[in-house]
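**Q** Whatever this is, show me its structure:
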Amino acid sequence: MWIIPRRWNGYDAMKPGDNGTRGGLRWAERPMVNGVILSVLVVLALVVSLYLVNFIATGLTPPWPIIGLHGVQPDVGVRGWGRVLRLGAGQGFNSWGQRDRPRERLPQPGIRRIAFVGDSFLEESSPIPLPMAVEKKIGSTEVEVLNFGVSATGTTDYFYRIKNVVIPLGAHEIMLFFYVGNDFGPDKLSTRLAIFSTYPKDSIAASMGLLSLNHLVTNRHRNVLRVWQPEEQESLDDREQAMLQRLQTMTDDQIREFFLDLSKFTGDRRAKLQRILADPASVSLFAALRDPDGGLFRSYMFDPLFHWVIGDDFREDASSAQALVAGIYPRMLAMKQVCDAAGVAFSVALIPMGWQVDPRYVETWSMFGDLNGFGQSRNQASELLKVRLKRDGVAVHDLKPILHGVRGAYLNVDGHWSQAGVERVAAHIAQIIVTAISAGAR
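**A** Okay, the predicted model is just below:
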């Protein structure tokens, strides 16, 4: 015999033989129950639809880890930011879209995997990128140095790349290459999860395993694609090469007029820049513009120098060294913490700006005056950053003393390391790694 309470939530309890009715209504016919069932079905249908769309999108998106690096197939990289390959021989792109030799998902047993993380200094302009040069100088079959450089990225990108790509790929050690010139940029880690966000940034979709769908929704916002525009009719490199070809046909006076128009200055500001451009020192810059090192040309220096030389504030230098460090330091600590949690060694290499160390680079741009003043706040910030990182247990490798006084360490117009600069840095970094491995073995 069943023992059931007579009343349940205000209704007569069911009795044997009631056939699921209470007070003349079946339980499934009640509005509240119907609403709950409908809501559950809608949610299930939505979830199933999302995973179905993600399954279909898998065939339209590149595989992991590409979607966490450049987000496009390697051939797009060749067109967009592989300009050094079009101008001469050099290391091409591997199956992950990186300028590196082919790599396996995880290191073989007994192999120490060291990952270099950074921006264009690791992947542009030199025929042999720094990671490969370091690996060659180490010369050990038990050590591999992987290139995780992605152009046009900063400290927030570095954090998520380390967390969601580099560590899962089995890195035992990570060395972050921090460029003093632009890595103090105002960027921050998100404190909340978005539904979709450009991977490897965290998002609700990524946490649900909907990487392909997330990729289709967000990849157009990836910074390296927005800056280099490899999918469009005219890429950044196309425009830069067109400007180079135009400058090569101009006289010095025509270049001066071109710069005045490029600055968009009027009135007194235009007149002031015109007087500066008339300086005889401008001849060396114009010659370099017509025949840049390796044929590698970049115009990004023009606009900030135009403004700086007439007395306008430059964004980074308008902030104090303390403010610049405060703006990026939480992300630097976050990288250390995520590495510590994974048992991965973490260190930072500081890359100086060309005019801090290379006398030839300074001479090329001397018409704009003492460029140490142009980067003064960032110079001071790099020293402050070094002190704070060491205080918090992060090994720091300052590359300024290694490159100081080395003529031609930087490409005269492009601003990245020349191959000679890469070799100089590679010898230093390789020695650091070999010394650390030897010390650990003792």
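**Q** mind checking how far the residue most central in space within the chain is from R256?
**A** Relative to the mean C-alpha position of the chain, the nearest C-alpha, by CA atoms, centre = their mean, is the one of T153, at 2.3 Å. For T153, the distance to R256 (CB to CB, to the nearest Å) stands at 35 Å. Yep, even glycine has a C-beta here, placed from its N, CA and C like the rest.
**Q** biggest helix in this protein by residues?
**A** helix 31-58 (DSSP state H).
**Q** And that helix, what does it pack against?
**A** helix 211-218 (3 or more CB pairs under 8 Å, 6 or more residues apart in numbering; DSSP states H and E).
**Q** could you give the angle of the helix it packs on to helix 31-58?
**A** 80 degrees (axes from the mean of the first three to the mean of the last three CA atoms, to 10 degrees).
**Q** pLDDT averaged over helix 211-218 - what is it?
**A** The average of the pLDDT scores along helix 211-218 is 94.
**Q** following it, which helix or strand shows up next?
**A** Counting by DSSP states H and E, the next helix or strand C-terminal to helix 211-218 is helix 223-228.
**Q** ok, and what's touching that next one?
**A** Under the criterion CB atoms under 8 Å, 6 or more residues apart in numbering, residues 70-72, 80-81, 150-153, 157, 219-220, 231, 235-237 lie in contact with helix 223-228.
**Q** Among those residues, name the ones in helices.
**A** Applying DSSP H to these, the entries found in helices are G80, D157, L236, D237.
**Q** Retrieve the pLDDT associated with the closest residue in space to L213 that isn't next to it in sequence.
**A** Nearest residue to L213, sequence neighbours excluded (CB to CB, 6 or more residues apart in numbering): N54, at 4.2 Å. We have a pLDDT of 92 for N54.
**Q** In contact with N54, which residues are there?
**A** G209, L210, L211, S212, L213.
**Q** and which of the residues you listed is nearest to A345?
**A** L211 (28.0 Å; CB to CB).
**Q** List the contacts of the closest one.
**A** N54, T61, W64, I67, Y199, A205.
**Q** From those, which land in helices?
**A** The helices, defined by DSSP H, take in N54, A205 from the contacts of L211.
**Q** and which of the contacts of L211 is nearest to A334?
**A** Using CB to CB, the contacts of L211 come closest to A334 at Y199, 17.5 Å.
**Q** Measure how buried that closest one is and give me the count.
**A** 26 (other CB atoms under 10 Å).
**Q** check which helix or strand covers Q322.
**A** Assigned by DSSP H and E, Q322 falls in helix 321-342.
**Q** tilt between the very next helix or strand once past that helix and helix 321-342?
**A** The helix or strand immediately downstream of helix 321-342 is strand 345-351, counting by DSSP H and E. Per the same axes, to 10 degrees, the angle that strand 345-351 makes with helix 321-342 is 150 degrees.
**Q** which residues sit in contact with the residue lying closest to T198 once chain neighbours are set aside?
**A** Spatially, and ignoring its direct neighbours in sequence, T198 is nearest to T218 (4.4 Å; CB to CB, 6+ apart). Counting by CB under 8 Å, 6+ apart, T218 makes contact with F196, S197, T198, Y199.
**Q** residue ranges with poor pLDDT in the chain?
**A** Scanning the chain with the threshold set as pLDDT under 70 gives 1-29, 187-192, 231-232, 313-317, 441-442.
**Q** quick one, strands of it?
**A** Taking DSSP state E, the strands of the chain run over residues 7-8, 11-12, 21-22, 25-26, 112-118, 143-149, 173-179, 345-351, 395-398.
**Q** would CSV of those with distance to G267 and mean neighbour count be doable?
**A** Listed next are the strands of the chain as CSV, based on distance: least, CB to CB, whole Å; neighbours: other CB atoms under 10 Å:
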stretch, distance to G267, mean neighbour count
strand 7-8, 85, 10
strand 11-12, 84, 14
strand 21-22, 86, 16
strand 25-26, 83, 12
strand 112-118, 42, 24
strand 143-149, 43, 24
strand 173-179, 35, 24
strand 345-351, 38, 21
strand 395-398, 43, 16
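**Q** Tabulate those (CSV), appending distance to L273.
**A** Formatted as CSV, the strands of the chain follow (distance: least, CB to CB, whole Å):
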stretch, distance to L273
strand 7-8, 85
strand 11-12, 85
strand 21-22, 87
strand 25-26, 84
strand 112-118, 34
strand 143-149, 35
strand 173-179, 27
strand 345-351, 30
strand 395-398, 35
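**Q** what about P186, how many residues close to it?
**A** That count, for P186 with other CB under 10 Å as the rule, works out to 12.
**Q** so it touches A326, yeah?
**A** No: contact criterion CB atoms under 8 Å: P186 and A326 do not qualify, at 10.7 Å.
**Q** tell me what the helix holding Q322 is packed against?
**A** For helix 321-342, the packing partners by 3+ CB pairs under 8 Å, 6+ apart come out as helix 155-161, strand 173-179, strand 345-351, helix 376-391.
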